[in-house]
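1. I would like the atomic coordinates for the input below:
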Amino acid sequence: MGSEGTPAAITTVHVTGFKKFNGVSDNPTETIVNNLREYTKKKGLPKGLVLESCNILEAAGQGALDTLYKTLQSAISSKESDSGSSTSNKIIWLHLGVNSGATRFAIEKQAVNEATFRCEDEMGWKPQKVPIIPSDGPISQIRTTSLPVEDITKALAKKGYDVMTSDDAGRFVCNYLYYHSLRFAEQNGTKSLFVHVPLFVTINEDTQMQFVASLLEVLPSIC
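-> Numbers count the residues shown, from 1 in each chain. The predicted model follows:
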């Protein structure tokens, strides 16, 4: 009887993708994230999972930080306003980025405190060997996700996807965002995960939509 009034644990997921950037005029993550809510309405979401928000971010580092932090903070504000939320509820930030040279999906384990952009970002910034967060220490400093990336990768591979675990998210905008998100997650009791996807010419749009939907299915049971 004691457990009858206890609300079931909920996993709330917030998803981000990126707009275009140098060399990628049509970013697949923009398409995926823009279509994800409608796609999951048709396919259904697993019990206990809520797709709370889908946001598209500028493919930029320092110049886009204000927007990034407002986006991240929105999850915390929503949690605080829900007085009936269970302490067992989880908030996960799922960030999607494209790796134009990739042939398969990559679940990123970590981010490095280094911004070394191979080209200018969409706001004209091109840092070289700059610490993303100076107070964290040297550019060799690493932040790791608290989510079980190996288990996530194995679960998705069992579903038939060509997916790998990666410990190198690059040094461009994807790594920059992930580092900030991991730090924010640690400070606010949330979780963060970054996933790299290929271009649609490498893995078609429908398969990529299925992949992200499958990832959402996997998260509540594993995380």
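2. Quick check: buried residues in the strand or helix carrying L94?
-> L94 belongs to strand 90-98 when assigned by DSSP states H and E. By neighbour count with 16 or more other Cβ atoms under 10 Å, strand 90-98 contains the buried residues 90-98. Every residue, glycine included, has its C-beta placed from N, CA and C.
3. Let me see the ranges of the helices in the chain.
-> According to DSSP state H, the chain carries its helices in the segments 28-43, 65-81, 149-158, 173-188, 205-222.
4. From start to finish, how long is stretch 44-62 in a straight line?
-> 37 Å (Cα to Cα, to the nearest Å).
5. Identify each buried residue in that stretch, please.
-> 45, 49, 51-61.
6. Report the mean per-residue pLDDT for it.
-> Averaged across stretch 44-62, the pLDDT comes to 95.
7. Quick check: the residue sitting nearest the centre point of the chain vs P28, distance?
-> What sits nearest the mean C-alpha location of the chain, by Cα atoms, centre = their mean, is H95, with 1.8 Å. Applying Cβ to Cβ, to the nearest Å, the value for H95 to P28 is 14 Å.
8. got it, and F105?
-> F105 is 11 Å from P28, by Cβ to Cβ.
9. Need the overlap of contacts for those two.
-> 197-198 (Cβ atoms under 8 Å, 6 or more residues apart in numbering).
10. Test my guess that P46 contacts L216.
-> Yes. P46 is within contact range of L216, at 7.1 Å (criterion: Cβ atoms under 8 Å).
11. can you list the weak-confidence ranges in this structure?
-> Along the chain, segments meeting pLDDT under 70 span 1-7, 78-88.
12. go with 50
-> Applying pLDDT under 50 to the chain flags the ranges 1-3, 6, 83-87.
13. Identify, from the buried residues of strand 90-98, the entry nearest to M123.
-> Nearest to M123 among these: G97, at 16.7 Å, using Cβ to Cβ.
14. Isn't the closest one up against F18?
-> Yes. Between G97 and F18 a contact is recorded at 5.8 Å, counting by Cβ under 8 Å.
15. how many neighbours does F18 have?
-> Look at F18: counted by other Cβ atoms under 10 Å, it has 25 neighbours.
16. should've said F105
-> Neighbours of F105 using other Cβ under 10 Å come to 25.
17. measure K191 to Y176 for me?
-> 19 Å.
18. Ok, E52 next?
-> 23 Å.
19. returning to what we had before: sheet partners, orientation included, of the strand holding L94?
-> strand 11-18 (parallel), strand 191-197 (parallel) (DSSP bridges).
20. which residues touch K47?
-> Counting by Cβ under 8 Å, 6+ apart, K47 touches P220.
21. what would the strands paired with strand 90-98 look like in JSON lines with distance to Q210?
-> Below are the strands paired with strand 90-98 laid out as JSON lines (distance: least, Cβ to Cβ, whole Å):
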{"stretch": "strand 11-18", "distance to Q210": "15"}
{"stretch": "strand 191-197", "distance to Q210": "12"}
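22. To P127, which of these lies closest?
-> Here strand 11-18 is closest among the strands paired with strand 90-98 (Cβ to Cβ), at 17.6 Å.
23. can I get the CA coordinates of the closest one in PDB?
-> Output of strand 11-18 as PDB, limited to C-alpha atoms (Å, rounded to 0.1, in the frame of the first residue of the first chain):
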ATOM      1  CA  THR A  11      12.900  10.700 -17.800                       C
ATOM      2  CA  THR A  12      12.600  14.100 -19.400                       C
ATOM      3  CA  VAL A  13      14.600  14.700 -22.600                       C
ATOM      4  CA  HIS A  14      15.600  18.000 -24.200                       C
ATOM      5  CA  VAL A  15      17.100  17.700 -27.600                       C
ATOM      6  CA  THR A  16      19.300  20.200 -29.600                       C
ATOM      7  CA  GLY A  17      20.600  20.300 -33.100                       C
ATOM      8  CA  PHE A  18      22.700  22.800 -35.000                       C
END
